[in-house]
Each structure stands twice: as structure tokens, then as C-alpha cells.
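Chemist: Fold the following and give me the result.
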Amino acid sequence: MNFRIKKLDIFIVRQFGLLFVGTFFICQFVLMMQFLWRYINVLIGKGLSLEVMAQFLWYMALMLVPQALPLAILLSSLITFGNLGESSELTAIKSAGISLMQTFRSLIVVSMLICVGSFYFQNNVGPNANLKITQLLISMKQKSPELEIPEGIFYDGIPNSNIYVQKKDLKTGKLYGIMIYRMTNSFEDAAIILADSGMLQSTAEKKHLLLTLWSGEWFENMQSQELSGSASVPYRRESFIAKRIVLDFDGDFNMADAASLSNDARGKSLEQIYHAMDSLNHTYDSVGRAFYQDAKRLYYQSPVIASNDSAKAVKRALAKNFDFDKLVEKESRDKKRQMLGDAMSRVQNELNDLEFKSMMTKDNERLIREHEIEAINKFTLALQCLLFFFIGAPLGAIIRKGGLGVPVIVSVFVFIVYYILDNVGYRMARQGTWDVWFGKTLALGVLLPATVFITYKACKDSMVFNADLWRSVFMRALGLREKRHIAGKEIVIQEPDYQADAAQLRRISAAVADYARKHNLKSPPNVVKVFFKYEPDHEIERISEQLESVIEDLGNTRDRQVMHEINHYPVLAVKAHTRPFEKPWLNVASAICLPLGAFFYCRMWRFRLRLYRDLQVVRNTNSSIANYVEKHLVGGKRETQ
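Modeler: Model (predicted):
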């Protein structure tokens, strides 16, 4: 095989490269907007600086690069080969003896390079971007919101306080009709403050708020530990003309500690993931061994007894006359109640202990699964680039539609199918319902056969995606048919032989009458002949061929009445009334499957009744055309229409 770079390879790579750059930035923008909208409630109202927002957008863009690459390859390959097919350049390439796979070879190399680049990006740049974006999101969630107290509702943006403002003046910043609930240690010693008006201001260092109140009252319980069991609780009530209160309110942005994200697998490279998994497995194995030793010591105690006593106990337990229930029945009622109570208590304690330990082990197993998922995800995202190329390029060659119309629709559909499968597999693997390898390779495993099928059909120039072909197949399956439509010709080279056509139509009518009398189409079909002993119906095929020959000759007429009449002819189905399938074994199989056999039998009876009605229409139309031709068109007596 010749691997030299040819001009065709350079041409296709240039076409693909320009589209890939454009579609990549489009996909990147769409994914960024989707991610931004997901966390819009974290960003709004926090007073974040431009520097923080720039960092957030930058790391978000880096994190979404591996997801944008496959979608960009899918869309750009679809458009590239769609444009080549639409402009007939792909046909010219095939006519030169170059196969479709040879046309793909340059882009296969490019896609493999993108796969390698995607894996390298995920393993070296992606973890840091994921770590930074997670750190920023946690910091944004912890940041106190901007102080913008609404009217008519309680505002809980200030720590340990709920503030209600009836009305506020936007020009002066004054608040009117203020009600404040201040929480300290518990609900019993909460403070309630009422004021006619007030003003809220931030201190210079943005660490506290200064609340100035006028004309109000302060009510507060004086709950204390000494009076916790007493019904009488002292309280303090104060009326004031003016009062100042300092509230804690940190308005600065503080970056969260990255050490808290040490268990996040998305922030680790492949080497770090495997190292972390070894450490986690070693740690959790130690925990498991400790739990096992505890269970042996607490639940399955083995008392130290002499060998003779042990042998006697085993011998007694294996004896046929030994009955444990009889031993229990010998005890008194109080003793039996005590024994049952002790047993239930012990079982409940052991169950609670095991449930608590299972919660700990489930968290540990989930953490290990997340590391395994992220390790596999680095490979699947890279392989997704190659998979999407072998979906997009063959589809573009088959569909032969360029631009941003059909390719965008197809790309979105393929991406949605892949995303749903991948998301379902990820959730099932994370929960432990499925194995991690199965959940993360589900989407690739489902789309891989479809990819092979589409590529094979594209290389064989199949019409599998031809809309007219599928429309014809569905119409035949459902027993539908198109109405005959023959348009008049502007230029007629040879006029119809009206006399011969009229005579032929008379003979066809006689043959139709004889056929209808012999076959009795109104009666139900014979089950044995339909499914087991098929007999071809050549007579109706001959009638249909003769009729189509006459219609083709009369289609050259200039007479409007004749043209109108020949459009009344139905399109005869000459085989559907005889058997369901062409192959005999399919007919036998459909008869054995009773529901299918009943369906096909009723369908054939329907076709027989339709053929009976069609033959009546043929006879009436034959008579109408023959009479009109013999009266007006034979012998040059054509009347002016």
C-alpha cells in the first residue's frame, strides 16, 4: 500500500481543518454556556471581581476542551464530506478509482493525532483545570452574597440573622418597618428587634456590617444552663430611640483550601489515580481486616473449653434424639421471655453495628469507583474522537448535504444518544449497580456496531439513508400506494395509435372479467396455498404489463380528456395478494408464528379485495377511454377541446 502524501490528502485535510477550527470554537462556546447556566445561581449576586470571573472562564474552557473535540470532529467531518458529495467532488474521486477508505486515510491520521492530543491534555492539563474550577466553585459558594435586602420578604443573607424590611428608599438607602430575628445558641434565646427605620452600611475592611436603628424595641430571652429545667425564663426588653449593632459579614472572596480536594479523582493524572487507588485499597483492606476481627470477637465468640467437653458437645448436637426446642420448653415462662429478649437485643445491636460499618465501607467503595471511572474516562474521551469521525465522515458521504443544516441536526442527534448512554453508564457505575468498565464503555459499545455498519454502507455506496427508498419500503409494508400522475408532454414525437389502443383495452377488459370470475377475489385466500404451496399468478402480471403498455402509448396524447382518463388507472399490486414473502421459508415461518400469520393472512385478504376494486376501476376506465377514442379520435375526427 502506498502511504505517500498526495494532493487529494492535502486538499481534504485543508477542507477539514478549516471547518474543524470553526466548529471546535462553536462547540466550546455551547458547552461553556451550558456549564455557566448550570452554576449561574452560584455566580449571581456575589460581587465577584473581574479577575475571579476571568479565572473561572479560563479554567472552565480548559476543562471542556476534551468534550468539545469529539463533537467538533463529528460536525466538521459531516460537513466536509457532505460538501464533497453535494458538489459531486466525491463522485469524481470515486470515478478516478480512489475508494472511500483511501479518501478517509488522511483524516484518519489527523483524528488519531487528535485522540493522542486529547489524552495528553486530559492527563496533564485537565486535572489542574478540574481542580481549579472545583476550588473556585467551592469558594464562590462560601462567599457571602452582596447585601441587597429585598422588600416584603425575610432576608437570610446575613449570618445568624433574618431581616424583614417593609419598604426601602433607593436614593437615601434608608429602610422602613424593620423586623430582625437574631439567632445565637438556640431558638429559646433568640432576640427580636423592631424598629421604625434604619440604615445598613458596610465597614471599610468589609468584615462587618453597621446597622443603625431608630425608634424601636429589643426583646430577648435570657436562657441559661442553670434555668434549663425551670418553667420561668427571664427576658430583657429595651426601648430605644437610636441604636447601633455590629454584625459579622465577610464580603471578601477567599480561595478555598486545595487540601480538601485531595480525594477528587478529576484533579489527578493517570499515574496519580493509580497511586491513589493503591493507597485507598491498602487503607480500606486494613479497615476491613479490623472489622473482621471485631466481628469474630463480638459476634462469633469461641469459648475455650477442653477437648473432651468439645467432643461431647459435638456428639450431643449430632445425636438424633437431640431437640433444641424441647430444651427450651423445659424452662419457665419468665426464663424463656428473658432468653428471647436477650437474643433480640443482641441481634439488634449487631445489626446496628453492621449498618454503621457498611456506611463507612460504602463511602470507601464509592471513592475507589470514582477513581476507576476517571481512569477509564481518560481513554473513552480520547477514543470518542475516532468513533465520531467514523460516524460523521461516512454519514456525510451518504447524505451528501453540506452546510450547517442537516449536518448539525445529525450531529446533535448522535451526540445526544452518546451523552444519554454515557451518563446512564456513569451513574450506574458510580452507584455500584454496574461494573465500572461496563458502565463507562456502554456508549462506545452501543455506537461501535452502528459505526461499522455506517462505514460499510458508505464504502459500498448503499442507499440505506435514501429517504425515497425508505418511503417506498414503508408504503409497501403498510399497503399504501401513490396515485398515478401522468403529465402532458410539450413535444410529442409520435401520436398514439388510438385504434389499436382501443382494441387492446377491449381485450384487457375481457381478460379482467374472465380473471375475476375464475379467482373469486372476494372470498378469503386459501391458507395452504398462501403459506405452504405458493402458486404464482402470471395472469394478473400479464394483464398489468399489457395495461401499462397501453397507458405508456396513450401518454403521448395531446387530448385532455384521454390524459384525464388515464390518470384514473390504479397501480396494480400483482404479487401482494398471493403470498406474504418472496422466499418460501419466510412464509412457513410466519405461519408457524400464529400472531404474525394472522396479520399477514388478513393483510393478503385486504389486498385481494383491493385488487377486486382496482379491476372494476380498470374495466370502467377501459370502456370510457375506448368509447371516447372510437367516437372522437379514430379516423381523424378529433374535436377541438
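Chemist: center of the protein - which residue?
Modeler: Ile420 (2.5 Å; Cα atoms, centre = their mean).
Chemist: Report the separation between that one and Leu554.
Modeler: 56 Å (Cβ to Cβ, to the nearest Å). All C-beta spots, glycine's among them, are computed from the backbone N, C-alpha and C.
Chemist: Please name the residues that touch the residue nearest to the centre of the chain.
Modeler: For Ile420, no contacting residues are found, by Cβ atoms under 8 Å, 6 or more residues apart in numbering.
Chemist: What's the mean pLDDT across the helix or strand where it lies?
Modeler: Assigned by DSSP states H and E, Ile420 belongs to helix 406-431. Across helix 406-431, pLDDT averages out at 86.
Chemist: how far does the helix or strand following that helix sit from the chain's center?
Modeler: The C-terminal neighbour of helix 406-431 among helices and strands, as given by DSSP H and E, is helix 436-440. Relative to the centre of its chain, helix 436-440 is centred 17 Å away, using Cα atoms, centre = their mean, to the nearest Å.
Chemist: Setting aside sequence neighbours, what's the nearest residue to Ala265?
Modeler: Glu374 (3.9 Å; Cβ to Cβ, 6 or more residues apart in numbering).
Chemist: follow-up on the earlier one: in the helix holding Ile420, what counts as buried?
Modeler: For helix 406-431, a neighbour-count test (16 or more other Cβ atoms under 10 Å) marks 406-407, 410-411, 414-415, 418, 421-422, 425-426, 428-430 as buried.
Chemist: go on, stretch 350-370?
Modeler: In stretch 350-370, counting by 16+ other Cβ under 10 Å, buried: Lys357, Asn364, Leu367, Ile368, Arg369, Glu370.
Chemist: Ok, stretch 540-553 next?
Modeler: For stretch 540-553, a neighbour-count test (16+ other Cβ under 10 Å) marks Ile540, Ile543, Ser544, Leu547, Val550, Ile551, Asp553 as buried.
Chemist: do stretch 149-165 as well
Modeler: Judged by neighbour count (16+ other Cβ under 10 Å), stretch 149-165 contains these buried residues: Ile149, Tyr155, Gly157, Ile158, Ser161, Ile163, Tyr164, Val165.
Chemist: Just confirm the fourth one contacts Leu209, I think it does.
Modeler: Yes. Taking Cβ atoms under 8 Å as the contact criterion, Ile158 and Leu209 are neighbours in contact, 6.8 Å apart.
Chemist: thinking again about what came up before, would you convert the buried residues of stretch 350-370 into a markdown table that also reports pLDDT?
Modeler: As requested, the buried residues of stretch 350-370 are exported to a markdown table (pLDDT from 0 to 100):
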| residue | pLDDT |
| --- | --- |
| Lys357 | 72 |
| Asn364 | 77 |
| Leu367 | 84 |
| Ile368 | 85 |
| Arg369 | 87 |
| Glu370 | 87 |
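Chemist: Format those as JSON lines; extra columns: secondary structure and distance to Arg105.
Modeler: Formatted as JSON lines, the buried residues of stretch 350-370 follow (DSSP: H, G, I helix; E, B strand; the rest coil; distance: Cβ to Cβ, whole Å):
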{"residue": "Lys357", "secondary structure": "helix", "distance to Arg105": "58"}
{"residue": "Asn364", "secondary structure": "helix", "distance to Arg105": "48"}
{"residue": "Leu367", "secondary structure": "helix", "distance to Arg105": "44"}
{"residue": "Ile368", "secondary structure": "helix", "distance to Arg105": "42"}
{"residue": "Arg369", "secondary structure": "helix", "distance to Arg105": "39"}
{"residue": "Glu370", "secondary structure": "helix", "distance to Arg105": "39"}
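Chemist: Name the nearest of these relative to Phe56.
Modeler: Distance ranking of those against Phe56, using Cβ to Cβ, places Glu370 first at 23.5 Å.
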